[in-house]
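I'd like to go over a predicted model; first the sequence, then the structure.
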Amino acid sequence: MTLFVAGLPYDVDNAELQEIFEKFGAVKSAKVTLDRETGKSRGFGFVDMENDEDALQAIELLNEISLDRKGKPLVVKKAEDRPAASSRPGGFQNRPSRPNNNRFNRW
């Protein structure tokens, strides 16, 4: 089961995220999402756990706890499947057609 984890302190890396969730069971992967431009953490990530029961226990015990002194609570829940690009708002199929107002370029 893949879990979505938000509210991560910005200094948590992949290894630390994996270490947090390994206390509940085997972790296939743990990935903190990074900003493309800065390379810094965006404060959320994904954890793929081998066993669904372990993942559900991690959700129950880690959701709404704080990992730092600032008191920012974690949000831990089952990750949702991402819709295909063509079905998301702003996808190619949802764009309005633009009339060709250029009288010099008719073809």
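Nice, thanks for sending it over. Numbers count the residues shown, from 1 in each chain.

Now do whichever helix in the chain runs longest: distance to the chain's middle.
Ranked by number of residues, the top helix in the chain under DSSP state H is helix 52-62. Taking C-alpha atoms, centre = their mean, to the nearest Å, one finds the center of helix 52-62 at 17 Å from the center of the full chain.

elements contacting it?
Contact here means 3 or more C-beta pairs under 8 Å, 6 or more residues apart in numbering; DSSP states H and E; on that basis helix 52-62 packs against strand 2-6, helix 14-22, strand 41-49, strand 75-78. To be clear about C-beta, it is placed using only N, CA and C from the backbone, and glycine gets the same treatment.

measure the spatially closest residue to residue 48 that is not a sequence neighbour to residue 37 for me?
With sequence-adjacent residues excluded and distances taken as C-beta to C-beta, 6 or more residues apart in numbering, residue 48 is closest to residue 28, at 4.2 Å. Separation of residue 28 from residue 37 (C-beta to C-beta, to the nearest Å): 29 Å.

Return, as residue ranges, the portions of the chain with sub-threshold pLDDT.
Scanning the chain for pLDDT under 70 picks out 84-107.

cutoff 80 now
68-71, 82-107 (pLDDT under 80).

Quick test: name the residue nearest the centre of it.
By C-alpha atoms, centre = their mean, the chain has its centre lying nearest to residue 45, at 4.7 Å.

so who does that residue touch?
Neighbouring residues of residue 45 by C-beta atoms under 8 Å, 6 or more residues apart in numbering: 5, 8, 12, 14, 17, 30-33.
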